[in-house]
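Asker: Based on what follows, work out the 3D shape:
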Amino acid sequence: QLQLVESGGGLVQPGGSLRLSCAGSRFTLRTYAIGWFRQAPGKEREGILCLSSTGSTTNYLDSVKGRFTIARDNAKNTVYLQMNSLKPEDTAVYYCAMNPFSRCGSSADFTVWGQGTQVTVSS
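Answerer: Modelled structure (predicted):
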């Protein structure tokens, strides 16, 4: 069974940084598009960033431009979400997901999801 496992969440003060990891199990991440999403309490899930199999990045969320980046370490079969200058409104459960078509598209195209990791930005 294909699996994604997120880690790296936690409590951070406003202005701080976190790096989330998304590790693949039983498949090679670089073959597919991997996206990061988040869902805050009472809100719909929203896409953040996606990295295609060819290395191109799609940004779904204007509010994270210049603050969040996505990267892949093929040797570790892991995709990262680097989050800087965090704000309280970034508080959410963060998920990574895999698009089997290898390109970034809408959230409906992502078929394998991790269990999520909580990020809380608060002083």
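Asker: Could you list the low-pLDDT ranges of the chain?
Answerer: Under the criterion pLDDT under 70, no range of the chain is flagged.
Asker: So which residue is smack in the middle of the chain?
Answerer: In the chain, the C-alpha closest to the average C-alpha coordinate belongs to residue 36, at a distance of 2.4 Å (CA atoms, centre = their mean).
Asker: Report back the residue of this structure that's furthest from centre.
Answerer: Ranked by distance from the centre of the chain (CA atoms, centre = their mean), the top residue is residue 123, with 23.4 Å.
Asker: To what extent is the residue nearest to it when sequence neighbours are not counted buried, counted in neighbours?
Answerer: Of all residues not flanking residue 123 in the chain, residue 13 sits nearest, at 5.4 Å (CB to CB, 6 or more residues apart in numbering). The C-beta positions use only the backbone N, C-alpha and C, and glycine is treated the same way. A count of nearby residues for residue 13, using other CB atoms under 10 Å, gives 10.
Asker: for residue 91, what are its contacts?
Answerer: Going by CB atoms under 8 Å, 6 or more residues apart in numbering, residue 91 touches 40, 119-122.
Asker: do that again at 6 Å, thanks
Answerer: 120-121 (CB atoms under 6 Å, 6 or more residues apart in numbering).
Asker: From residue 85, how far out is it?
Answerer: If you measure residue 91 against residue 85 using CB to CB, to the nearest Å, the figure is 14 Å.
Asker: hey, where'd the strands end up in the chain?
Answerer: Secondary structure of the chain by DSSP state E: the strands cover 3-7, 10-12, 18-25, 33-39, 46-51, 57-59, 68-73, 78-83, 92-99, 112-113, 117-121.
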